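*Asks:* Compute the structure for the input listed below.
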Amino acid sequence: MAAEAGGFEDPSAEVLAEAAATFGLLASPARLHIVWALAQGESDVTGLAERVGGALPAVSQHLTKLKLAGLVRSRREGRRQVYFVDDPDVVTVVRLVVGQLTDRAALADRSGAADRTGAAGRTVGGRSARGALRRIRGVGA
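*Replies:* Numbers count the residues shown, from 1 in each chain. Reported below is the predicted structural model:
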């Protein structure tokens, strides 16, 4: 089996392959936006296309891939298919990552606004305070 590092056992090759496939599907901004939208609530393909700003056929193809991977399911309501996220753990991961990146972008925007007014333009060790903060938080070099 896998060796322990830091108190955690390494996952099996099968688990890593499945995780990589899931992350690969979510690596598409369009599919990630679709999963984000469906994490907020169910929708049909027309509503999703309007929300994510995609063409109906493209959104339908993305939904097909997400369904085949087991991340999204659908049910029929009359003449329309209603889609929903089938994996609550994927919702958790997507919300966590997108939320963290949104917070970082907001912080960078606030820092940039302060830079423009001169309040945060001070240097720390010859570098801007904003750059130091980015390195501490792991955002950029």
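*Asks:* longest helix in this structure, by residue count?
*Replies:* As assigned by DSSP state H, the longest helix anywhere in the chain is helix 88-117.
*Asks:* If we go by neighbour counts, what in that one is buried?
*Replies:* Val90, Val91, Val93, Val94, Ala108, Ser111 (16 or more other C-beta atoms under 10 Å). To be clear about C-beta, it is placed using only N, CA and C from the backbone, and glycine gets the same treatment.
*Asks:* Which of those scores worst on pLDDT?
*Replies:* Within the buried residues of helix 88-117, pLDDT reaches its minimum at Ser111, with 83.
*Asks:* I'd guessed Leu63 sits against Tyr83; true?
*Replies:* Yes: between Leu63 and Tyr83 there is a contact at 5.9 Å, judged by C-beta atoms under 8 Å.
*Asks:* which residues do these two both contact?
*Replies:* Here Leu63 and Tyr83 share the contacting residues Val45, Leu48, Val72, Ser74, scored by C-beta atoms under 8 Å, 6 or more residues apart in numbering.
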